[in-house]
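**Q** No letters, just coordinates:
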């Protein structure tokens, strides 16, 4: 029997709240690797928040901590009244939180029909609540959610191998939505897809979020994609928050040197412009230092062209950024003004935070 989820009164309206989250992975006797180091973020009800950073920044570990798939060393993770950091097994997590994983090929059981896979969350909820679930009711729910994600009813009788990557990701999204969640975590949900298919899935996500009032935690390494689906952004590097704010502020007027490098890595429409941007980025990026920064230093020190001695000895706290939001940088007021345009690829869908 799963452990109960503890209650925190008065937090029902807060959505997902992560406070000072720390996650350590053991490396052997008395050794560990800190994957997430004091991360705090909010995903209010009905809002979309992007969590962005390069590989190894701790993005997916944050999601796994919320889902009960990674050990929480310290800090708090709450969803409404549920205190997830005190919950036991994964099956004690509220079904109001669902997830869409990166790889649509490995996230679906190849031996089960799509109908069986989509009905599984419904059966689990029925077992959990003790509410009987009729076969006809289950079939109706499967057909309805398939139609909602743009797939025909006969999809339920087929197997994953009969579908393309984009279709499989629609199925994964249907599996997440069939229990009518309030929050969907998308962990690199479009990164394994072709650009044109990415745009289709992102447009579908935006439509579903607006129609169903979903909250989204959208995790990706692609700033150009997350800019158009997220209203707020949180930028991670080596398990720490470097910058946060609205998507428009962070992408068009980034304050932290790391965020600026991420923006300069986003593709442009023009091939010539892309080449010039790459040359400017390489010119302003120093060779990485051989030794990684100390735990009490800024984690970006060894790659930052503006680092000084203070950066190597003192961890910067998050504070108000010049253009809005928050930033963890000692020298943010001294940095040169940002003039680099932010240009997403032509296949990126439209969002209120940006236009094509």
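**A** Structure received. Keep in mind that what you see is a predicted model, and the values were worked out from it rather than measured. Numbers count the residues shown, from 1 in each chain.
**Q** Now do the phi/psi pair for residue 282.
**A** The phi/psi pair for residue 282 (degrees, to the nearest 10) reads phi -70, psi -30.
**Q** swap in residue 254?
**A** phi -60, psi 140.
**Q** residues contacting it?
**A** Residue 254 makes contact with 243, 260, 262-263, 338, according to CB atoms under 8 Å, 6 or more residues apart in numbering. Where you see a C-beta, it was placed from the backbone N, CA and C, and this is true even at glycine.
**Q** I figured residue 68 was touching residue 84, is that so?
**A** Yes. Residue 68 is within contact range of residue 84, at 7.1 Å (criterion: CB atoms under 8 Å).
**Q** can you tell me how far the nearest residue to residue 338 once chain neighbours are set aside sits from residue 97?
**A** The shortest distance from residue 338 to any non-neighbouring residue, by CB to CB, 6 or more residues apart in numbering, is to residue 253 (5.7 Å). Note on residue 253: its distance to residue 97, by CB to CB, to the nearest Å, is 32 Å.
**Q** quick one, which of the two is more surrounded?
**A** Shown here are residue 253 and residue 97; by other CB atoms under 10 Å, residue 97 has more neighbours (22 against 19).
**Q** Identify the residue nearest the more buried one in space, chain neighbours excluded?
**A** Spatially, and ignoring its direct neighbours in sequence, residue 97 is nearest to residue 183 (4.9 Å; CB to CB, 6+ apart).
**Q** burial of that neighbour, as a residue count?
**A** Per other CB under 10 Å, the neighbour tally for residue 183 reads 21.
**Q** so it bridges to which residues?
**A** Assessed by DSSP bridges, residue 183 has beta-bridge partners residue 97, residue 215.
**Q** Who are the contact partners of it?
**A** Residues near residue 183 by CB under 8 Å, 6+ apart: 15-16, 43, 79, 96-98, 214-217.
**Q** remind me which residues of this structure are low pLDDT?
**A** 1-14, 88-93, 288-291, 343-356 (pLDDT under 70).
**Q** thinking again about what came up before, how about the residue nearest to residue 338, what does it touch?
**A** Neighbours of residue 253 in contact, by CB under 8 Å, 6+ apart: 323-324, 338.
**Q** Quick check: of the residues you listed, which has the highest neighbour count?
**A** Using other CB under 10 Å as the neighbour criterion, residue 323 leads the contacts of residue 253 with 18 neighbours.
**Q** Wait, that residue touches residue 249, no?
**A** Yes. Counting by CB under 8 Å, residue 323 sits close enough to residue 249 to count as a contact (5.6 Å).
**Q** before we move on, back to that, distance check, the residue nearest to residue 97 against residue 50.
**A** As judged by CB to CB, residue 183 and residue 50 stand 14 Å apart.
**Q** same thing with residue 308?
**A** Plainly put, residue 308 is 30 Å away from residue 50 if you go by CB to CB.
**Q** Looking only at neighbour counts, state which of these two leads.
**A** Between residue 308 and residue 50, counted using other CB under 10 Å, the more crowded position is residue 50 (28 against 12).
**Q** for the more buried one, what are its contacts?
**A** 218-220, 226-227, 229-230, 232-234, 247.
**Q** With residue 95 instead?
**A** Residue 95 neighbours (CB under 8 Å, 6+ apart): 121, 124-125, 128, 179, 181.
**Q** Then residue 153?
**A** Neighbouring residues of residue 153 by CB under 8 Å, 6+ apart: 143, 146-147.
**Q** now the helices for the stretch 151-300 of the chain?
**A** In the stretch 151-300 of the chain, the segments counted as helices under DSSP state H, counting those that start in this stretch are 165-177, 195-212, 223-229, 247-252, 257-265, 271-284.
**Q** Out of the contacts of residue 253, which is nearest to residue 171?
**A** Within the contacts of residue 253, distances to residue 171 taken as CB to CB reach their minimum at residue 324, with 38.8 Å.
**Q** Can you tell me the closest non-neighbouring residue to the closest one?
**A** Using CB to CB, 6+ apart and skipping residues adjacent in sequence, the residue nearest residue 324 is residue 249, 4.4 Å away.
**Q** what's the answer for residue 160, then?
**A** Closest residue in space to residue 160, ignoring its immediate chain neighbours: residue 108 at 4.3 Å, by CB to CB, 6+ apart.
**Q** just checking, the one you found touches residue 172?
**A** Yes. Between residue 108 and residue 172 there is a contact at 6.8 Å, judged by CB under 8 Å.
**Q** Residue 135: neighbouring residues, count only.
**A** Residue 135: 8 surrounding residues under other CB under 10 Å.
**Q** how close does it sit to residue 119?
**A** Distance, residue 135 to residue 119, using CB to CB: 9 Å.
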